[in-house]
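> Sequence plus predicted model, see below.
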Amino acid sequence: MSLSIHELSAGQEIGSRTIEVTRTDLVKYAGASGDFNPIHWNEAFATSVELPGVIAHGMFTMGSAVQLVTDWAGDPAAVVDFQTRFTKPVLVTDTTGTPDAGATIEVSGIIGKLDAEANTARVDLTVTAAGQKVLMKAQAVVKLA
Amino acid sequence: MTINPDLQGRSYPAAEVYDVGREKIREFARAVKATHPAHFDVDAARALGHGDLVAPPTFAIIVAQRADAQLIEDPEAGIDFSRVVHADQRFTHHRPIFAGDRLVAELHVDGVRAMGGGAMITTRSEIFALGADDSREPVTTTSSSILVRGEGQ
C-alpha cells in the first residue's frame, strides 16, 4: 500500500488499536531494549522509590503505539520522525498465571497536518490507559509516496 | 545529591560500535508488538525496496540509551538512576536503520535545568552508520529529556 497526499485530509482518522500489557511483556521489553531499571519489573523496588507500583517503560508505550502508524503507512521506513512527552505512568498490575492483562493501552490516530512541500503527513496519536492520557504531543511524521 | 550544572554543553564521543542484527530487529519488534513483515522477513523488506530487515521506528533507543549510560554512570554527573523519569523522547530518521548497519552514537548534553530538588536533563544522540572505510553516514538523531526527581518528588 502506498499513500498519496491527494487522497488524505487533515482530521482524517487512521484507525485505532488496543494493546494489552502484562508483566511478562515488560520483562521482554527490558531484555530487547537493554533497559533493566527495576521499576519496570520489581514491585518492592518500584514502591520504595515512591511509585504506585510497577510501571511500563515509557519507551514500551511509545514503541507499541507507533505500530498503528507503521501499519497504516505500509512501510516502517516511512516513519521519518516520531516524538512524544510522557505524562502519566502506565501502571501494570501483576496478573502472572492468569490470562488477564495487567494494563490496557488504547491508541488512536488522526492526520494532524499535511505538508505538500515535504510530501509528509503528521499523524497525531491519542494514547490512554485507565482513562488517562499517558502520552502527550505524540506525533509521527510519515513520508508519503 | 545534586546534579552538576557544568554538564550542559558536555559531549561524549562515539564509543563502541553497535552491530544491528536481524534477530535483534525481530526480538525488538516482537517486544513492541510490531507485526509488519518488513521487521521479520527479508523478502518482504526487499519487496519494499530495502536491502535488509527494517528496524522499528524506536529501535534507535537501544543505541541512544547506551550513549546516555555514559552520562548517567559518570560519577561527576551526580545522577541517581533509580530517581530518573523519562520526560520526553524524539527520533528523527535521516534514513531507516537496517540489519547489517554498524552504528555509533555521539552524545551531547543540550540542557540542564534545576527543577525543585531535582533537575531536567536534555540529551541528544547523533547516530551514524559506519561505512567500509569508516566513513560516517547520518542515520538518526534522538533527543530526550530525563527528570531526576529530588527527595519527595
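Nice, thanks for sending it over. All figures in this text were calculated on a predicted structure; none of them were measured in a lab.
> who in chain A is up against chain B?
Proximity of chain A to chain B is confined to A:19, A:25, A:28-29, A:31-35, A:37-39, A:45, A:49-50, A:57-60, A:62-64, A:66-67, A:69-71, A:75-77, A:79-86, A:140 under the rule CB under 8 Å from any CB of the partner chain. Yep, even glycine has a C-beta here, placed from its N, CA and C like the rest.
> Take these and keep only those in helices.
Judged by DSSP state H, the residues of chain A next to chain B include A:25, A:28-29, A:31-33, A:45, A:58-60, A:62-64, A:67, A:69-71 as members of helices.
> are any of those residues buried, and which?
Buried members of those, scored by 16 or more other CB atoms under 10 Å in any protein chain shown, are A:25, A:28-29, A:32-33, A:58-60, A:62-64, A:67, A:69-71.
> remind me, longest helix of chain B?
helix B:61-72.
> For that helix, give the mean pLDDT please.
Mean per-residue pLDDT for helix B:61-72: 93.
> Packing partners of that helix?
On a contact count with 3 or more CB pairs under 8 Å, 6 or more residues apart in numbering or on different chains; DSSP states H and E, helix B:61-72 meets helix A:23-33, strand B:11-12, strand B:18-19, strand B:84-93, strand B:102-115, strand B:118-130, strand B:136-148.
> Flag the shaky bits of chain A, pLDDT-wise.
A:1 (pLDDT under 70).
> same deal with chain B?
B:1, B:152-153.
> For it, which residues are neighbours of chain A?
Selection of chain B residues close to chain A by CB under 8 Å from any CB yields B:24, B:27-28, B:30-36, B:38-39, B:48, B:50, B:54-58, B:61-62, B:65-66, B:81-93, B:96, B:152.
> Buried among the residues you listed? Need that as a selection in PyMOL.
Buried subset of the residues of chain B next to chain A, written as a PyMOL selection, criterion 16+ other CB under 10 Å:
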select buried, chain B and resi 24+28+30+31+32+33+34+36+38+39+48+50+54+55+56+57+58+61+62+65+66+83+84+85+86+87+88+89+90+91+92+93+96
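> Name whatever forms a beta bridge with residue B:93.
Here residue B:93 sits in beta bridges with residue B:140, as judged by DSSP bridges.
> hang on, isn't it packed against residue B:57?
Yes - here residue B:93 reaches residue B:57: they are 7.2 Å apart, a contact under CB atoms under 8 Å.
> center of chain B, which residue is that?
residue B:64 (1.6 Å; CA atoms, centre = their mean).
> I figured it was touching residue B:125, is that so?
Yes - between residue B:64 and residue B:125 there is a contact under CB under 8 Å: 4.3 Å.
> Which neighbours do those two have in common?
Counting by CB atoms under 8 Å, 6 or more residues apart in numbering or on different chains, the contacts common to residue B:64 and residue B:125 are B:105, B:142.
> Go through chain A and flag its longest strand.
The longest strand of chain A (DSSP state E) is strand A:103-115.
> got the contact list for the helix or strand just after that strand?
Sequence order places strand A:120-129 as the next helix or strand after strand A:103-115, per DSSP states H and E. Strand A:120-129 has contacts (CB under 8 Å, 6+ apart) with A:3, A:5, A:8, A:14, A:61, A:65-66, A:68-69, A:72, A:80, A:84, A:88, A:90-91, A:103-115, A:133-135, A:138-144.
> and those residues, which are buried?
A:3, A:14, A:61, A:65-66, A:68-69, A:72, A:80, A:84, A:88, A:90-91, A:103, A:105-109, A:111-112, A:114, A:134-135, A:138-144.
> Distance-wise, check residue B:73 relative to residue B:107.
Residue B:73 is 12 Å from residue B:107, where distance means CB to CB, to the nearest Å.
> With neighbour numbers in mind, choose between these two.
residue B:107 (22 against 10; other CB atoms under 10 Å in any protein chain shown).
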